[in-house]
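K.L.:
Could you work out the structure for the sequence below:
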Amino acid sequence: MKSIVLVYLLFITVAHSHSACDEISFITRIGWAAREPTSITNLTSKPLSFFVIHHAEDPPSCYDDESCIERVKEIQIFHQNTQGWVDIGYHFLVGENGKVYEGRGWDRQAAHSPGWNNDAYGICFIGNFNISSPNEKALKAAHSWIKCGIERRYVTKDFYVITHRQSQRPGYTTCHSASDEISFVTRIGWGAREPTSITNLTSKPLSFFVVHHAEDPPSCYDDESCIERVKEIQIFHQNTQGWVDIGYRFLVGENGICFIGNFNTSSPNEKALKAAHSWIKCGIERRYVTKDFYVITHRQSQRPGYTTW
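P.N.:
Below is the predicted model of the structure:
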């Protein structure tokens, strides 16, 4: 899955409606003729603070009501008959017809991600999105459905979005030398200040990436301005925040993990997204990152563009 592309396109859009629930075409289990679950286990607590985003590599995408219902049925049959699960694994599914389909719903435990089934809602985009993102209808529907969950108090106002990159998925197993794809500027190259102290990681490899954006300073598109932006961020973190160094491990400019610029109303450009994606692959090659990793974006309620959710 193009995790970073998907997360940004899905969750940085600003909406200005009174009720997100009214924006959604929602198909209940009855509406798509779901089988009965063989057993039910409810979530132990609500609201939840996490969403795990998936895609169904097979069957393919769907663009009309009839084919989307067929896809959801196929997924449930596979999960029950082949996987041996009690029901369809996801809480909700989203088609490229712009509709949301009820899986296990807001109240039940799911079977979408080991370790997260009682702590995160699983949303599955119907289709294979290794080389492209879901269309605008699907992204808007998922975005509105998350907002609806906040309104109905199933989701905390301050939440995380996780995409799980599984190493067996197509599009990742052919990486031979990701480091060759990246233009990497060292601390010496951008004229970094020295840190006031250093604390090393206690263990490696790591399994998580948290993706941020720098709201101020603005985006940069050439080497000179990107270096200036990185310097400004380090100065702010050390002088104003009182931190020992710049807060991020890596920063990504649009001359191409903090994306330099404000991306509340747009996503980073293709150069920036490709650079970040390649850098994660490089981390796997160099054994700083596990092959099975998570990408997290933190929705902070105080950030511009989110206060209307």
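K.L.:
so how far is P37 from the nearest residue to S61 once chain neighbours are set aside?
P.N.:
In this structure, S61 finds its nearest non-sequential neighbour in G127, 3.1 Å apart by CB to CB, 6 or more residues apart in numbering. C-betas here are computed from N, CA, C, even on glycine. Plainly put, G127 is 24 Å away from P37 if you go by CB to CB, to the nearest Å.
K.L.:
Who has more neighbours out of the two?
P.N.:
G127 (23 against 16; other CB atoms under 10 Å).
K.L.:
The more buried one and L139: what is the separation?
P.N.:
12 Å.
K.L.:
and if you look at I88?
P.N.:
Counting by CB to CB, the gap from I88 to L139 is 21 Å.
K.L.:
Please identify which of those two sits among more neighbours.
P.N.:
Per other CB under 10 Å, whichever of I88 and L139 has more neighbours is I88, with 31 against 20.
K.L.:
need the contact list for that one.
P.N.:
A34, V72, I75, Q76, H79, Q80, G103, R104 (CB atoms under 8 Å, 6 or more residues apart in numbering).
K.L.:
Mind doing that once more with 7 Å?
P.N.:
I75, Q76, H79, G103, R104 (CB atoms under 7 Å, 6 or more residues apart in numbering).
K.L.:
Kindly report the same for N42.
P.N.:
N42 neighbours (CB under 7 Å, 6+ apart): D107, R108, Q109.
K.L.:
measure the last one to N42 for me?
P.N.:
Distance of Q109 to N42, computed by CB to CB: 7 Å.
K.L.:
Check the first one too.
P.N.:
Noted for D107: a distance of 6 Å to N42, by CB to CB.
K.L.:
do the same with the second one
P.N.:
When CB to CB is the yardstick, R108 and N42 sit 6 Å from each other.
K.L.:
okay, now the domains of the chain?
P.N.:
3-165, 178-290 (automatic domain parsing).
K.L.:
Now the spatially closest residue to I24 that is not a sequence neighbour. Its backbone dihedrals?
P.N.:
In this structure, I24 finds its nearest non-sequential neighbour in S144, 5.1 Å apart by CB to CB, 6+ apart. Taking degrees, to the nearest 10, you get phi -70, psi -40 for the backbone angles of S144.
K.L.:
Tell me, please, where in this structure the pLDDT is lower than the cut-off.
P.N.:
The chain contains residues with pLDDT under 70 at 1-18, 59, 131, 164-181, 216-217, 255-260, 263-267, 297-309.
K.L.:
Tell me where it has helices.
P.N.:
3-11, 65-77, 136-151, 187-190, 223-235, 270-285 (DSSP state H).
K.L.:
Against which helices or strands is the last one packed?
P.N.:
When contacts are defined as 3 or more CB pairs under 7 Å, 6 or more residues apart in numbering; DSSP states H and E, helix 270-285 packs onto helix 3-11, strand 251-252, strand 289-299.
K.L.:
now do the fifth one
P.N.:
In terms of contact count using 3+ CB pairs under 7 Å, 6+ apart, helix 223-235 is assigned the packing partners helix 187-190.
K.L.:
list the buried ones in the helix it packs on?
P.N.:
Neighbour-count burial for helix 187-190 flags W190 (criterion: 16 or more other CB atoms under 10 Å).
K.L.:
by contact count, what packs against it?
P.N.:
By 3+ CB pairs under 7 Å, 6+ apart, helix 187-190 packs against helix 223-235.
K.L.:
from the chain's centre, how far out does the helix it packs on sit?
P.N.:
Taking CA atoms, centre = their mean, to the nearest Å, one finds the center of helix 223-235 at 26 Å from the center of the full chain.
K.L.:
got it, and stretch 195-207?
P.N.:
The answer for stretch 195-207 is 24 Å, by CA atoms, centre = their mean.
K.L.:
Ok, stretch 108-115 next?
P.N.:
17 Å.
K.L.:
quick one: the strands in the stretch 101-250 of the chain?
P.N.:
120-126, 155-165, 206-214 (DSSP state E, counting those that start in this stretch).
K.L.:
Point out the other helices and strands that the longest one packs with.
P.N.:
This means strand 155-165. Short answer (3+ CB pairs under 7 Å, 6+ apart): strand 155-165 packs on helix 3-11, strand 48-56, helix 136-151, strand 289-299.
K.L.:
Run a quick neighbour tally on the closest residue to I53 other than its chain neighbours.
P.N.:
Leaving aside its sequence neighbours, I53 sits nearest to T163 (CB to CB, 6+ apart; 4.6 Å). Counted by other CB under 10 Å, the residues lying close to T163 total 24.
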